[in-house]
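Participant: sequence first, predicted coordinates after that:
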Amino acid sequence: MEALCEFQVLSPTSLAGVLEARTAHPQAQLLGGGTDLVVNIRRGIVAPAVLIDMTGVAELRAIRADAQGLEIGASVRLAEVAQHPGVVAHYPVVAEAAASIAGPTHRNMGTVGGNLCLDTRCIFYNQSQWWRSANNHCLKTTGEICHVAPKSRGVCFATFSGDLAPALMTLDAEVDIQHAAGKRTLPLRDLYIGHARHDGSGQGDGKHYLALQPGEFIAAVRVTSTPGLRSGYDKIRIRRSIEYPVAGVAVALRRVGDTLAHLRVAVTGTNPRPVLLEGTEALCGGALDARVFKGLDELVRDQIMSMKTTFTPGHYRRRVAGVLARRLVQRLFAG
Ligand SMILES: Cc1cc2nc3c(=O)[nH]c(=O)nc-3n(C[C@H](O)[C@H](O)[C@H](O)COP(=O)(O)OP(=O)(O)OC[C@H]3O[C@@H](n4cnc5c(N)ncnc54)[C@H](O)[C@@H]3O)c2cc1C
Ligand code: SF4
């Protein structure tokens, strides 16, 4: 571990205070629980002179979860989400995802905003300053090539590994984004722009992975309840007690009689964005049979593009995602 650089911490207690601090310090970085950001500062990946602590902002700390809907402020702690009776009862995919993040101490510190905006990860990036320096850095920091894909033509494939985003995406969550002039709302899936297309046609990659403009921040995330939805989350990790996902899968489905009436599947830990699989509607309308599982395997194969950015090979992570998706769909359909 290395010494922390010098920085100033501002601790506003209201939204107006955050906006004021952002205007006064446009280069400042937001601080949730610091469980990712402080590690990156310590590793010399970022060196912000000013941090704006979001955890004391009263308007961002509310959580409401009932049969009608779910609304969680950006500064709500992960442990609170995991244990909230309304979340556990009505939005189990969200409670299960929150409960699976890191270890208990991280969940007591980590926030929803920090988890949704978690930096993307890579074995060549999440290293000490001297290690990265010895390898001439890489595109995501100050280097000129990508060590994972040297012919990537400027594209970074670092992996998004947050657990909450896929869970919320299967419920068609929306996210409130605050800026100096007001607020805008986006479908949560559109917050993530890390498409990382080799042909350069995508909007973003593992380096530019969020649709936030300078000065914007996450204020809250919201879900409108869908009656009859069953949902769940599962992940495979190297250390079961405290670890990012090798792959994580969220599923929400509706069963009517013996028919699969609705299916949403989202995957994390594989691409530079959490991926809400496109094309699951075509698998609905009939029994849960071999056709559905074959179709699901094909969607995972076509849309999950995992590279060698973690300790496990990319193709292994894609297979893990497929197996988890199949198992979860079976479990939830069975009730
Ligand atoms: C050993 C270990 C294991 C981990 N395992 C997991 C895991 O299994 N799953 C997982 O998802 N994560 C994991 N993490 C990462 C991290 O602990 C969590 O993702 C946590 O939720 C991050 O939240 P935070 O509030 O601490 O974020 P911070 O570190 O405070 O911030 C993270 C990023 O979000 C930005 N940010 C914070 N709040 C806002 C906001 N309101 N609007 C816009 N940007 C904002 C920050 O500027 C920063 O860039 C792990 C970390 C460690 C050290
Ligand atoms: S994938 Fe991104 S973080 Fe990893 S080596 Fe390539 S440029 Fe760096």
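Facilitator: That came in fine, so what should we check first? A quick note: this is a predicted structure, and the numbers were derived from the prediction, not measured. Ligands and ions are numbered 1, 2, ... in the order given.
Participant: where does Thr105 fall, secondary structure wise?
Facilitator: According to DSSP states H and E, Thr105 maps onto helix 104-109.
Participant: quick one, strands of the protein?
Facilitator: 8-10, 29-31, 50-53, 63-65, 69-73, 174-179, 182-187, 217-224, 230-236, 247-256, 259-268, 275-276 (DSSP state E).
Participant: other residues contacting the last one?
Facilitator: Contact partners of strand 275-276, identified using CB atoms under 8 Å, 6 or more residues apart in numbering, comprise Pro166, Met169, Thr170, Arg189, Arg264, Val265, Ala266, Val267, Thr268, Gln303, Ile304. All C-beta atoms are positioned from the backbone trio N, CA, C, and that covers glycine.
Participant: so can I have a markdown table of the residues you listed showing pLDDT, neighbour count and distance to ligand 2?
Facilitator: Formatted as a markdown table, the entries for the contacts of strand 275-276 read as follows, by pLDDT from 0 to 100; neighbours: other CB atoms under 10 Å; distance: CB to the nearest ligand atom, whole Å:
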| residue | pLDDT | neighbour count | distance to ligand 2 |
| --- | --- | --- | --- |
| Pro166 | 98 | 30 | 20 |
| Met169 | 98 | 26 | 23 |
| Thr170 | 98 | 28 | 26 |
| Arg189 | 97 | 20 | 22 |
| Arg264 | 98 | 22 | 28 |
| Val265 | 98 | 28 | 25 |
| Ala266 | 98 | 27 | 22 |
| Val267 | 98 | 30 | 18 |
| Thr268 | 97 | 29 | 16 |
| Gln303 | 95 | 18 | 19 |
| Ile304 | 94 | 23 | 16 |
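Participant: give me the pLDDT for Met1.
Facilitator: With respect to pLDDT, Met1 scores 51.
Participant: and what of His198?
Facilitator: The score at His198 is 63. That number is its pLDDT.
Participant: one more: Ser14?
Facilitator: pLDDT, read off for Ser14, is 96.
Participant: ok, the one 10 residues further on next?
Facilitator: Looking at Ala24, its pLDDT stands at 95.
Participant: and if you look at Val249?
Facilitator: Looking at Val249, the pLDDT reads 98.
Participant: again with Gly33
Facilitator: pLDDT at Gly33 comes out at 98.
Participant: my read: it touches Gly114, true?
Facilitator: Yes. At 5.7 Å, Gly33 and Gly114 qualify as touching, with contact defined as CB atoms under 8 Å.
Participant: centroid-nearest residue for this structure?
Facilitator: Gly162 (3.3 Å; CA atoms, centre = their mean).
Participant: separation between the residue lying closest to that residue once chain neighbours are set aside and His106?
Facilitator: Leaving aside its sequence neighbours, Gly162 sits nearest to Leu118 (CB to CB, 6 or more residues apart in numbering; 4.2 Å). Distance of Leu118 to His106, given as CB to CB, to the nearest Å: 11 Å.
Participant: neighbour count for the two, which is higher?
Facilitator: Leu118 (24 against 17; other CB atoms under 10 Å).
Participant: so the more buried one makes contact with Ser161?
Facilitator: Yes. Applying CB under 8 Å as the test, Leu118 and Ser161 come out as touching, 6.8 Å apart.
Participant: and this protein, which of its residues are near ligand 2?
Facilitator: With CB under 6 Å from any ligand atom as the criterion, the chain comes near ligand 2 at residues 122, 124-125, 138-140, 146-148, 156-158, 206, 309.
Participant: flag the shaky bits of the stretch 101-250 of the chain, pLDDT-wise.
Facilitator: 198-202 (pLDDT under 70).
Participant: pLDDT score for the closest residue to Gly322 other than its chain neighbours?
Facilitator: Take Gly322 and drop its neighbours on the chain: the residue closest to it by CB to CB, 6+ apart is Val300, 4.3 Å away. Val300 is assigned 97 on the pLDDT scale.
Participant: any idea how far ligand 1 is from Val300?
Facilitator: 20 Å (CB to the nearest ligand atom, to the nearest Å).
Participant: over to Thr105?
Facilitator: Using CB to the nearest ligand atom, Thr105 is found at 9 Å from ligand 1.
Participant: measure how buried that residue is and give me the count.
Facilitator: 12.
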